[in-house]
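*Asks:* task: produce atomic coordinates for the following.
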Amino acid sequence: MISSKSVVEKKVKYTVFTIEECPVCGQKTKREFQVGDYITKDAAKCTKCGNQTRISLIYAETAKPPK
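*Replies:* Presented below is the predicted three-dimensional model:
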């Protein structure tokens with residue numbers, strides 16, 4: 001007789017982040033992704049030098065399970 005093992009599917013949750021980078025001073029800022037974000041989109045003002053930042057990277061990290 002063949003025993004059947006139940007397969008437990010693990011649903012992995014991801015959190016998506018956006019990196020904004022200042023083209024003048026190079027400061028990078030990480031924030032949560034917002035609908036409408038895309039690479040090279042103008043973003044917020046740089047907190048270091050006041051120039052316009054641009055989105056340089058969008059990526060996902062696995063969410064850490066609560067302890």
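*Asks:* okay, CA-based contacts and neighbour counts for the rest of this
*Replies:* Will do.
*Asks:* longest strand of this protein, counting residues only.
*Replies:* strand 52-62 (DSSP state E).
*Asks:* which neighbours in the sheet does that one have, and how are they oriented?
*Replies:* strand 14-21 (antiparallel), strand 42-45 (antiparallel) (DSSP bridges).
*Asks:* for the last one, C-alpha coordinates in CSV please.
*Replies:* Only the C-alpha atoms of strand 42-45 are listed here, as CSV (Å, rounded to 0.1, in the frame of the first residue of the first chain):
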residue,chain,number,x,y,z
ASP,A,42,11.4,61.4,-10.7
ALA,A,43,10.9,60.9,-7.0
ALA,A,44,11.2,63.0,-3.8
LYS,A,45,13.8,65.7,-3.2
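*Asks:* mean confidence score for that strand?
*Replies:* Computed over strand 42-45, the mean pLDDT rounds to 95.
*Asks:* ok now that strand, how far from the chain's centre?
*Replies:* From the chain centre to the centre of strand 42-45 is a distance of 16 Å (CA atoms, centre = their mean, to the nearest Å).
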